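Q: need a 3D model of the following:
(one chain, ligands or ions: 1)
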Amino acid sequence: MTRRRFSVNKSSITYFTWCFLFLSNSLARAVLCGMLQSPTTAFFFPLRPAVLRGRTVVVSSLTRHQRLHSFATMNCGTVGENLARVRHRVKEVAKGLEPPPRLVAVSKTKPVAALKEAYDAGQRHFGENYSHEVLEKAPELPDDVKWHFIGHLQSNKAKALVEQVPNLWMVEAVDSIKLADRLQAATAGVLETRRKGERLKILVQIDTSGEATKSGKRTEDAAVIAQHVTAQCPALQFAGVMTIGASGDMTCFDKLVDAREAIARATGLDAASLELSMGMSNDFEEAIARGSTNIRVGSTIFGARQYRSKEEPPVAEYNEGESKSK
Ligand SMILES: *Cc1c(COP(=O)(O)O)cnc(C)c1O
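A: Here you go, the predicted model:
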């Protein structure tokens, strides 16, 4: 107890731990940004405690997919650079596919400036989950943007959305006949004001994961909605199926392919003419390999999303609750 040359007390452990975390974190970022070809931002990341916590404490509880996803979504590069990288990756997997899969930039929670940056880099298809966000952003961007509504749309919001956003191009997550009817009524009233008098494209959302938290219909119920849209909704065009799926479970994509077949048979449409909207930041390459025609990529383009309150979920299912409408 008299030799105090190397005293290991609590505060020095804390000090060394923090130094270690700081250095390893910086190194990881530098390597990662180097890999992602964005050396400019390598050393200038704001150090966020949440990121530190994510790396050191929660990391082992994440799946490999989620880990890759969280790496991929660190704020490396500008929106334009990120977009270029995503396009490059799409091109690599989609070799020879004609037409190539459509890239929808999912811009929910992101400011108009970020969308404009993507627009200036040539992006035209944008996806949003909340009607109030589309209503705010649409007038701020040029008319040739094609808006995709990818969240759960409350049927009482359909009218305002259709009437105030003439360049609403596709509603991807239709899950009830009631919503289809509201969209039909609203679109019929404004059809001439839409670009080239185009009908509003409709995808029906399929539940391929069986997880209670995710919305979507079973294939049989989706087929009924698809038949209804095809036969009863002349202002709408039934254009295919969409799913979120379970993170890391690629069988969800195969299930969506099967659902498309079944719905094509039920509606008498050609399966090849129907869209498969599947694939997000962490799995769009796998989705394209399985036939996706429409990938929805958010955080890899715009960076991780920050939510205002703890209530808002951190992953894909930020839906506007139907329960609030009654
Ligand atoms: C948010 C969202 C996306 C994009 O998710 P990322 O993981 O950020 O790419 C895609 N589809 C739906 C339905 C979403 O809600």
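Q: elements contacting the helix or strand hosting A28?
A: Element membership for A28 (DSSP states H and E) is helix 10-35. Helix 10-35 is packed against helix 49-56, with contacts defined by 3 or more CB pairs under 8 Å, 6 or more residues apart in numbering; DSSP states H and E. (Glycine included, C-beta is placed from N, CA and C.)
Q: what mean pLDDT does the helix it packs on have?
A: For helix 49-56, the mean per-residue pLDDT is 37.
Q: go on, stretch 25-32?
A: Mean predicted lDDT for stretch 25-32 stands at 71.
Q: likewise stretch 90-97?
A: On average, stretch 90-97 scores 91.
Q: check whether that stretch contacts the ligand.
A: No. Shown here: stretch 90-97 not in contact with the ligand (CB under 6 Å from any ligand atom), separated by at least 13.0 Å.
Q: how far off centre is that stretch?
A: Centroid separation for stretch 90-97 versus its chain: 20 Å, with CA atoms, centre = their mean, to the nearest Å.
Q: please apply the same query to stretch 111-127.
A: With CA atoms, centre = their mean as the basis, stretch 111-127 stands 14 Å off its chain's centre.
Q: residues from this structure in reach of the ligand?
A: Counting by CB under 6 Å from any ligand atom, the residues of the chain close to the ligand are 106, 108, 129, 150-151, 244, 280-281, 296-300, 316, 318.
Q: show me the shaky parts of the stretch 1-150 of the chain.
A: 1-8, 30-76 (pLDDT under 70).
Q: quick one: buried residues of stretch 112-121?
A: Of the residues in stretch 112-121, 112, 114-119, 121 count as buried by neighbour count, 16 or more other CB atoms under 10 Å.
Q: quick one: contacts of it?
A: 78-80, 83-84, 105, 107, 126, 136-137, 140-142, 145, 301-302 (CB atoms under 8 Å, 6 or more residues apart in numbering).
Q: same thing but 7 Å
A: 78-80, 83, 105, 107, 126, 137, 140-142, 145, 301-302 (CB atoms under 7 Å, 6 or more residues apart in numbering).
Q: using PDB, write out every CA atom in that stretch.
A: Output of stretch 112-121 as PDB, limited to C-alpha atoms (Å, rounded to 0.1, in the frame of the first residue of the first chain):
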ATOM      1  CA  VAL A 112     -37.300  21.300 -47.000                       C
ATOM      2  CA  ALA A 113     -33.700  22.300 -47.500                       C
ATOM      3  CA  ALA A 114     -32.600  18.700 -47.500                       C
ATOM      4  CA  LEU A 115     -35.300  17.800 -50.000                       C
ATOM      5  CA  LYS A 116     -34.200  20.700 -52.300                       C
ATOM      6  CA  GLU A 117     -30.600  19.400 -52.100                       C
ATOM      7  CA  ALA A 118     -31.900  16.000 -53.300                       C
ATOM      8  CA  TYR A 119     -34.000  17.600 -56.000                       C
ATOM      9  CA  ASP A 120     -31.000  19.600 -57.300                       C
ATOM     10  CA  ALA A 121     -29.100  16.300 -57.500                       C
END
